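# would you be able to build a 3D model of this:
(4 chains)
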Number of protein chains: 2
Amino acid sequence: MDHTKLTQSLEDYLEMVHMLRLANGLARVKDIAAALSVKMPSVAKAMVELKKMGLVRQEPYSGVELTEEGQRVAAMILNRHILLKGFLIKLGVSEAIADKDACCMEHILSAETLGKIEDFMKPSDAISSVKNPSVKKAKVVKNTK
Amino acid sequence: MDHTKLTQSLEDYLEMVHMLRLANGLARVKDIAAALSVKMPSVAKAMVELKKMGLVRQEPYSGVELTEEGQRVAAMILNRHILLKGFLIKLGVSEAIADKDACCMEHILSAETLGKIEDFMKPSDAISSVKNPSVKKAKVVKNTK
DNA sequence: CTTTCTAGTTAGTTTTATCTAACTTTTAGT
DNA sequence: ACTAAAAGTTAGATAAAACTAACTAGAAAG
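Here you go, the predicted model:
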């Protein structure tokens, strides 16, 4: 609702809340902190921001929950993460590093680049269209007059 | 010499000094600022840091120069940039966006990922080894005893 | 029940990176 | 040579994101 743009750091917190809820059912401040290698007060401050933006809900001294909007945004970020991790693995990067690098990339890449990576990941034919772009390029003629 | 790790922002400044020197012969504060979309005082502060680290030289009220070490580091960063930009273009991303995204990626990717991207960019054969990894895998047997 | 430990919070500090405003130096025009 | 404009610098403010230290609430154990 309050569509103030998320910072990279807040995206990370939101994504982690989502992941912990998927994994454990609930997201505790302590676990969020451990997973992101920060201390609990950093999590608390981030949650204050995410609450202001209407992305998470939390009654004092208890676990963090996602609002509808929060769920939507978190899922989007997580999808990017999964896409990028798969992409890196396809390039031959080890799982652990792929995960770490995907985590950085997911916050900064443009929609265009993400789209192209998606294209790269899903071609049905065996010969890559990246290596052989003509496969896709059906002749397109623009009306110049 | 003073091998304190560069921040992303300082890497950007150092790289831009290098690019402007390649393009114009000299790097003026005003042009660095314009190229990075920041104001001149931000450049001045960054230069103070880079000077402390022994990466740039600058006599007051004049252009910025690179030390030997600065040259070395800047060239490394620029190479990463060029690699990544080429990679994105190969994926089908437009030049402008490739440039912008490469600029972000160049600061965060692990050596492993950069290495794999390099591998991806240089295979001589037409069929991608990414799509067909067996091409590279000559049988390697480890001495287990 | 009371005490103790764990989890969560609040307050205040630090670092990085930006900005604006004010000042100084250099360059250029007349 | 003098003055006005452009480029560079310095000082101080602000914002984000982390930290430590100190405090508070809740759970668990006796």
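# surely A:Gly70 touches A:Leu55?
Yes - between A:Gly70 and A:Leu55 a contact is recorded at 3.6 Å, counting by CB atoms under 8 Å. C-beta: built from backbone N, CA, C; applies to glycine.
# shared neighbours of those two, which are they?
Shared contacts of A:Gly70 and A:Leu55, defined by CB atoms under 8 Å, 6 or more residues apart in numbering or on different chains, comprise A:Leu14.
# quick one, which of these two is more surrounded?
More crowded of A:Gly70 and A:Leu55, by other CB atoms under 10 Å in any protein chain shown: A:Leu55, with 25 against 21.
# ramachandran coordinates for the more buried one?
Dihedral angles of A:Leu55 (phi, psi; degrees, to the nearest 10) stand at phi -100, psi -30.
# for it, give me its contacts.
Going by CB under 8 Å, 6+ apart, A:Leu55 touches A:Leu14, A:Leu66, A:Thr67, A:Glu69, A:Gly70, A:Val73, A:Ala74.
# count the residues that sit near A:Arg72.
For A:Arg72, the count of nearby residues is 11 (other CB under 10 Å).
# which strands and helices lie in contact with the helix or strand encompassing it?
Under the criterion of DSSP states H and E, A:Arg72 resides in helix A:68-91. In terms of contacts (3 or more CB pairs under 8 Å, 6 or more residues apart in numbering or on different chains; DSSP states H and E), helix A:68-91 is packed against helix A:8-24, helix A:95-105, helix A:111-121, helix B:111-121.
# switch to 10 Å and redo it
Of the remaining helices and strands, those touching helix A:68-91 by 3 or more CB pairs under 10 Å, 6 or more residues apart in numbering or on different chains; DSSP states H and E are helix A:8-24, helix A:40-52, strand A:56-57, strand A:65-66, helix A:95-105, helix A:111-121, helix B:111-121.
# quick one, what contacts A:Met121?
A:Met121 is in contact with A:Leu83, A:Leu84, A:Gly86, A:Phe87, A:Lys90, counting by CB atoms under 10 Å, 6 or more residues apart in numbering or on different chains.
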